[in-house]
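Undergrad: Have a look at this prediction, sequence included:
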Amino acid sequence: RRFTPVDLEFAEDLARRTALAIDSAALHRSEQEARRKAERAVDRIGRLQAVTAALSGAVTAIAVAEVLVHQGSAAVGADGGFVRLLTPDGRKLELAAAAGYSSHFACSYKELPLMSRFPGARVFRTGEESYFESAAALRGASPKFAREHATTGHEAIAFVPLRVHDRTIGLMALSFAKPRTFDDDDRDFLTALAGL
């Protein structure tokens, strides 16, 4: 069949309308995503404020660690967490607070030598955060710790150093029952939480 000028005009008009509809749908999706991100940011600011309020009443290092473990875990939806602080002799990381872990797990790792190959000691030594999005990722980095951590039923875990000025004084670890991706927003939030 031969296309007439009317057919061509109709096809061009249809193509323009289709392009406008696609563009409009993409814009709508972008607006929805921007709205979701803004709502998430407002929610996280509220959660950080709640942790800040709880920290204002904490007057000892242990009380601060307890707030981080309990309030911090709730703020990010973690299923467990622990805080380790550097011992006065500077040779070990001592468990200061834990939640969502068995007493066996907590007791087994009450003190962690600073030169340990476990992820927490490595994070303390390097001052760099470490994120394991699944049990498999953790096994690849530290098989022994992964075996122990598997007993908790948790899959993903994030380790974040606790710093005062330029000095690392401990670390916070928050774990999750299911594998998860730690996106930039998650990492920024955990860094802010540790900074409190």
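TA: Everything's here; your move. Numbering: from 1, shown residues only.
Undergrad: And the strands in the chain, which stretches?
TA: 80-86, 92-99, 111-113, 130-132, 156-164, 167-176 (DSSP state E).
Undergrad: Could you dump these into TSV and include mean neighbour count and distance to residue 58?
TA: Every C-beta, even on glycine, is put in place using the N, C-alpha and C of the backbone. Compiled in TSV, those are given as follows (neighbours: other C-beta atoms under 10 Å; distance: least, C-beta to C-beta, whole Å):
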stretch	mean neighbour count	distance to residue 58
strand 80-86	24	12
strand 92-99	20	11
strand 111-113	14	23
strand 130-132	21	26
strand 156-164	21	13
strand 167-176	21	14
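Undergrad: what's the closest of these to residue 187?
TA: With C-beta to C-beta, the closest approach to residue 187 among those belongs to strand 130-132: 7.1 Å.
Undergrad: other SSEs contacting the closest one?
TA: On a contact count with 3 or more C-beta pairs under 8 Å, 6 or more residues apart in numbering; DSSP states H and E, strand 130-132 meets helix 119-126, helix 135-141, strand 156-164.
Undergrad: What mean pLDDT does the longest one get?
TA: For strand 156-164, mean pLDDT is 93.
Undergrad: Run the chain-centre distance for it.
TA: Put simply, strand 156-164 sits 9 Å off its chain's centre (C-alpha atoms, centre = their mean, to the nearest Å).
Undergrad: which helices and strands does that strand pack with?
TA: Under the contact definition 3+ C-beta pairs under 8 Å, 6+ apart, strand 156-164 sits against helix 119-126, strand 130-132, strand 167-176, helix 184-195.
Undergrad: Quick check: neighbours of it in the sheet, parallel or antiparallel?
TA: strand 130-132 (antiparallel), strand 167-176 (antiparallel) (DSSP bridges).
Undergrad: For residue 63, find the nearest of the strands of the chain.
TA: strand 92-99 (8.9 Å).
Undergrad: Nice, that's everything, thank you.
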